[in-house]
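[1] How does the following fold in three dimensions:
(one chain, ligands or ions: 1)
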Amino acid sequence: MKNMEADIAVVGGGVAGLPAAIMAAEAGAKVIVFEKEAKAGGAGNMSMGPFAVESRIQRQKQIALTRNEAFAIFMNYVHWHSDAHLVRNYINKSASTIDWLESLGLEIAELATLYPGAYYTYHMLKGPNGRPGPGSGALMMKAMLERCAALGVQVLVDTPGKQVIMNKGRVAGVKAESKSGEAVQAKVKAVIIGTGGFGNAPEMIKQYVGYEWGKDLFSMKLPSSTGDGIKMAWEAGGARDDMYVDPHLWYTRTSCRRRHAYDVTRIRGLPQTEPDG
Ligand SMILES: Cc1cc2nc3c(=O)[nH]c(=O)nc-3n(C[C@H](O)[C@H](O)[C@H](O)COP(=O)(O)OP(=O)(O)OC[C@H]3O[C@@H](n4cnc5c(N)ncnc54)[C@H](O)[C@@H]3O)c2cc1C
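    Prediction:
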């Protein structure tokens, strides 16, 4: 068994995990990131740019949407099922997140909307060819990994986290496993879990959301989205919240041969449905 020691372990090196690792390291903590896949970055590698409200570029372009309005639109859209405090925080910090991404050397190429009539909140990042598009998100995650490296954050790929070690009710470490099957154990003071959703865990979808995968729900099935971190947190005594998906209609242009109805999980993943539901 390989033994390690740090202040903080981050399980999952994606959009949530890498910035958390960077923030902790910038605050002086020794950080180890455990990443299940051969490459870190998670679904962020496929994205094209983040949402933000009241960013510098929006103000320059006189886009009038306020954080309060965005909060109301968001919460009404999800029928107040989402955690209002989390959503409020997410929206309030969205503009400074764009500033932060720019500080990593990334550039916003343009503002966009997801569908006609929507607000210009989509901050499309410049990709490798100087334009927004596939590859923009991978560049974003690469910049975060470079910042991790500069700060001495160890990112262990092919090393899925397996269990949060508890001692007398407090987090004491994390167990992981290397690709060769070797057990890895890190003694830490805190564990941050950022392992994404459960769109590739049909049994969890069935048990907690009530859909049967392949029958009435067809998710993107991102290979890594097996709900590992949710289970790890529960096993460690983490509070259970309701598990939920919110319907999200997209691609409703009449030029599409079929109208695709997408389900996105509230916070935890990206299952999708077929038009018949
Ligand atoms: C095709 C696509 C396009 C998208 N485009 C956009 C966009 O343009 N703008 C936008 O804002 N959002 C976009 N999203 C959504 C966005 O990418 C996600 O909301 C975001 O990545 C979620 O962050 P996360 O850290 O929770 O999960 P992820 O980014 O998926 O990160 C989770 C990480 O945890 C790892 N992991 C899982 N289990 C374990 C384990 N046991 N141990 C260690 N590591 C583990 C995974 O391998 C992964 O690296 C898109 C998503 C997809 C799929």
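[2] and the closest residue to the ligand within the chain, how many residues sit next to it?
    Proximity of the chain to the ligand (C-beta to the nearest ligand atom) peaks at residue 14, 1.8 Å away. No exception for glycine: its C-beta is placed from N, CA and C like everyone else's. Using other C-beta atoms under 10 Å, residue 14 has 25 other residues around it.
[3] Now for it: which residues touch it?
    By C-beta atoms under 8 Å, 6 or more residues apart in numbering, the contact set of residue 14 is 40-44, 141, 194-196.
[4] next one: residue 20
    Counting by C-beta under 8 Å, 6+ apart, residue 20 touches 10, 192, 194.
[5] Kindly indicate the member of those with the most neighbours.
    Within the contacts of residue 20, neighbour counts (other C-beta under 10 Å) peak at residue 10, which reaches 33 neighbours.
[6] which element is that residue on?
    According to DSSP states H and E, residue 10 maps onto strand 8-11.
[7] okay, the contacts of residue 20 in TSV with pLDDT next?
    Formatted as TSV, these follow (pLDDT from 0 to 100):
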residue	pLDDT
10	98
192	98
194	97
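[8] tell me, which of the residues you listed make contact with the ligand?
    residue 194 (C-beta under 6 Å from any ligand atom).
[9] that older thread, among the contacts of residue 14, which two are most distant?
    Within these, 141 and 195 form the most distant pair, 15.3 Å apart (C-beta to C-beta).
[10] More neighbours: which of the two?
    With neighbours defined as other C-beta under 10 Å, residue 141 and residue 195 compare such that residue 195 has more, 29 against 22.
[11] which residues sit in contact with the closest residue to that one other than its chain neighbours?
    The spatially closest residue to residue 195, leaving aside those adjacent along the chain, is residue 229, at 3.1 Å (C-beta to C-beta, 6 or more residues apart in numbering). If you count contacts by C-beta under 8 Å, 6+ apart, residue 229 has them with 11-12, 161, 193-196.
[12] cutoff 7 Å now
    11-12, 193-195 (C-beta atoms under 7 Å, 6 or more residues apart in numbering).
[13] Quickly find the element holding it.
    Per DSSP H and E, residue 229 falls inside helix 228-235.
[14] Flag every buried residue along that helix.
    228-233 (16 or more other C-beta atoms under 10 Å).
[15] what does stretch 151-160 give?
    Those would be 151, 153-157, 159-160, for stretch 151-160 by 16+ other C-beta under 10 Å.
[16] cool, and stretch 185-192?
    185-186, 188, 190-192.
[17] likewise stretch 38-46?
    Neighbour-count burial for stretch 38-46 flags 40-45 (criterion: 16+ other C-beta under 10 Å).
[18] picking up where we left off before, pLDDT and distance to the ligand added to the buried residues of helix 228-235, as a markdown table?
    Below are these laid out as a markdown table (pLDDT from 0 to 100; distance: C-beta to the nearest ligand atom, whole Å):
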| residue | pLDDT | distance to the ligand |
| --- | --- | --- |
| 228 | 97 | 3 |
| 229 | 97 | 6 |
| 230 | 96 | 10 |
| 231 | 96 | 9 |
| 232 | 97 | 7 |
| 233 | 96 | 11 |
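[19] This completes my enquiry, with thanks.
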